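Student: Return a 3D structure for these sequence lines:
(one chain, ligands or ions: 2)
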Amino acid sequence: VSHGGEAPSLTDLAARIAGIVGLQHVLDGTRQAAYATDAGESRGLRAAPDLVVRPGSADEVAATMAACHERGVAVVPRGGGTGLVGGSLAFGGGVVIDVGRLNRVLEVNPAAWRMTVGAGLTTTHLQRIARENGLYFPPDPGAAENSQIGGNVATDAGGPHAFKYGTTGSWVTGLEMVIPPGRVVAIGGANRKDVTGYDLVSLMVGSEGTLGIITECTVRLIPAPRARAAMTAVFPTSEAGCEALLAVVGSGLVPSAIDFLDRGSLAAAHGGFPAGLDEDAGFMLIVEVDGDEAEVDASVPVLEEVLGSATQCDRFRTVRDQRELWRWRDTVTGAVRALRGGKLSADVSVPAEHFQDALAASAAVAGEHGLDFCAWGHAGDANLHSTFVFDPGAEGALARAATAADHLLVRISAMGGSIAAEHGVGWAKSGRLSLQLGEEALRLHRGVKELFDPDGLLNPGKKS
Ligand code: LAC
Ligand code: ZN
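Tutor: Residues are numbered from 1 along each chain as shown. Ligands and ions are numbered 1, 2, ... in the order given. From the prediction side, this is the model:
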């Protein structure tokens with residue numbers, strides 16, 4: 001075997017791992033560099049791993065983990081790298097295990113409405129297979145081209161359609177994973193009901209790679225809704241928009257999505273809006289309904305009535321091509337980042353009745369810290385991406401944004417809210433769990449980690 005120019009620099013561990021996964025799947029310096037960041041780079045998160053490997057099977061993941069474990073080296077799992085909170089970065093060094101090659105479609109059973117796929121399959125690919133079989137996988141977190149189902153499960157990724165259909169975890173019935181010190185374990189399966197044992201599948205959902213490395217997922221599907229219609233409504237102020245939100249929720253309809261954008265995020269993203277948008281729009285609701293044709297036909301006039309009669313609704317329109325609308329919606333986070341180069345989002349949720357308070361608190365905190373601010377997100381779930389926007393070159397700006405975000409988490413938890421709604425805790429919010437979890441809950445949380453990873457070598461420092 002020719003090791004090329006690399007051989008002399010391979011450490012003992014790298015050589016051992018190369019023997020497991022094949023040398024070409026141990027990444028060299030240039031290819032490794034991309035793993036020092038995730039999509040949260042603009043909040044200043046960066047950590048270079050010692051080694052990045054791309055195993056080709058669960059057994060290779062297990063053997064890699066075992067090799068690291070024997071040497072006391074930390075392991076950090078990585079999917080599509082689209083996370084925003086540093087959850088897949090190797091702070092303190094260690095070996096990043098990229099599961100991207102575990103992207104096989106293992107079983108599609110359209111008659112039973114389910115499929116089993118490798119953890120590295122992209123969200124887009126999974127959704128497409130479902131669609132091609134007349135079925136639907138509703139979770140639609142952003143960056144679907146790059147995000148992967150294993151990472152989506154590990155973070156319980158949400159997205160606009162979580163309002164009607166729930167987050168990724170609602171669709172998972174079985175997992176295969178690798179747990180420390182390097183064992184392959186299958187939990188759950190294809191059963192739609194199963195209370196044998198504790199709900200380990202749910203425990204893995206949202207565990208952010210701190211309990212095990214997901215290698216395979218069995219997910220539920222549903223027949224694809226035959227029709228959809230989306231509406232956008234623009235308001236001069238957040239207050240007017242929030243009133244309309246209450247009216248939509250009170251209408252008795254169950255929209256498939258209710259998203260929002262505030263003035264700042266509309267200003268950032270308005271250029272690409274498919275239907276054209278006034279630059280000074282103050283607040284937008286995006287409401288979508290789905291179902292069979294008759295259901296959608298019946299829902300649209302109700303929504304038009306509710307939104308059209310909402311006080312101060314500047315303009316609403318029914319969007320025919322809602323795919324184009326959602327494609328635009330997916331560009332918002334990038335457009336906000338592009339404003340100044342720096343952006344720090346506090347992804348939070350609150351009990352529905354506090355949605356407007358949470359928006360107001362976010363803006364107030366930004367003001368107190370002299371920061372530009374915008375928010376968008378999933379209004380139906382009262383899930384806000386409260387975002388501080390700054391120039392990363394400006395002296396102290398990043399630190400000010402971090403302090404502001406932390407103050408916001410304190411206020412959100414005081415409202416009974418969640419300090420991590422759909423983007424995870426990762427590295428960014430580690431150390432702050434006690435804002436939300438009581439002492440006993442924290443004890444259980446830590447006990448679970450201890451049970452799965454007694455040596456603390458799996459994604460250390462995250463979600464803790
Ligand atoms: C969104 C992603 C950032 O809702 O969660 O745009
Ligand atoms: Zn979101």
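Student: Which helix or strand in this protein has the lowest average pLDDT?
Tutor: In the chain, no helix or strand scores lower on mean pLDDT, DSSP states H and E than strand 315-319, which sits at a mean of 81.
Student: in its sheet, what does it sit against?
Tutor: strand 227-235 (antiparallel) (DSSP bridges).
Student: coming back round to it: put the alpha carbons of the least confident helix or strand of the chain into PDB.
Tutor: C-alpha atoms of strand 315-319 as PDB (Å, rounded to 0.1, in the frame of the first residue of the first chain):
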ATOM      1  CA  ARG A 315     -51.500  43.100   2.000                       C
ATOM      2  CA  PHE A 316     -52.000  39.400   1.700                       C
ATOM      3  CA  ARG A 317     -51.700  37.200  -1.300                       C
ATOM      4  CA  THR A 318     -52.200  33.500  -2.100                       C
ATOM      5  CA  VAL A 319     -49.000  32.000  -3.500                       C
END
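Student: Just after it, pick out the following helix or strand.
Tutor: helix 322-329 (DSSP states H and E).
Student: quick check, that following helix touching ligand 1?
Tutor: No - contact of helix 322-329 with ligand 1 (CB under 6 Å from any ligand atom) is absent, the minimum separation being 7.0 Å. Every C-beta, even on glycine, is put in place using the N, C-alpha and C of the backbone.
Student: Any chance you could list what contacts that helix?
Tutor: Applying CB atoms under 8 Å, 6 or more residues apart in numbering, the contact partners of helix 322-329 are 140, 160, 228-230, 232, 259, 269, 272-274, 286, 288, 319.
Student: ok, longest helix in this protein?
Tutor: Ordering each helix of the chain by length in residues (DSSP state H) puts helix 397-414 first.
Student: What residues sit buried inside that helix?
Tutor: Of all the residues in helix 397-414, those buried under the rule 16 or more other CB atoms under 10 Å are 397-398, 400-409, 411-413.
Student: rewinding a little: okay, buried residues for the least confident helix or strand of the chain please.
Tutor: Buried residues in strand 315-319, counting neighbours by 16+ other CB under 10 Å, are found at 316, 319.
Student: Next one: Val153 from ligand 1, what distance?
Tutor: 16 Å (CB to the nearest ligand atom, to the nearest Å).
Student: need the residues of the protein near ligand 1, please.
Tutor: Going by CB under 6 Å from any ligand atom, the residues of the chain near ligand 1 are 142, 332-333, 377, 385.
Student: Show me the one in those that has more neighbours than the rest.
Tutor: Among those, Gly377 has the most neighbours (other CB atoms under 10 Å), with 28 neighbours.
Student: In contact with that one, which residues are there?
Tutor: Shown in contact with Gly377 (CB under 8 Å, 6+ apart): 259-260, 347, 383-385.
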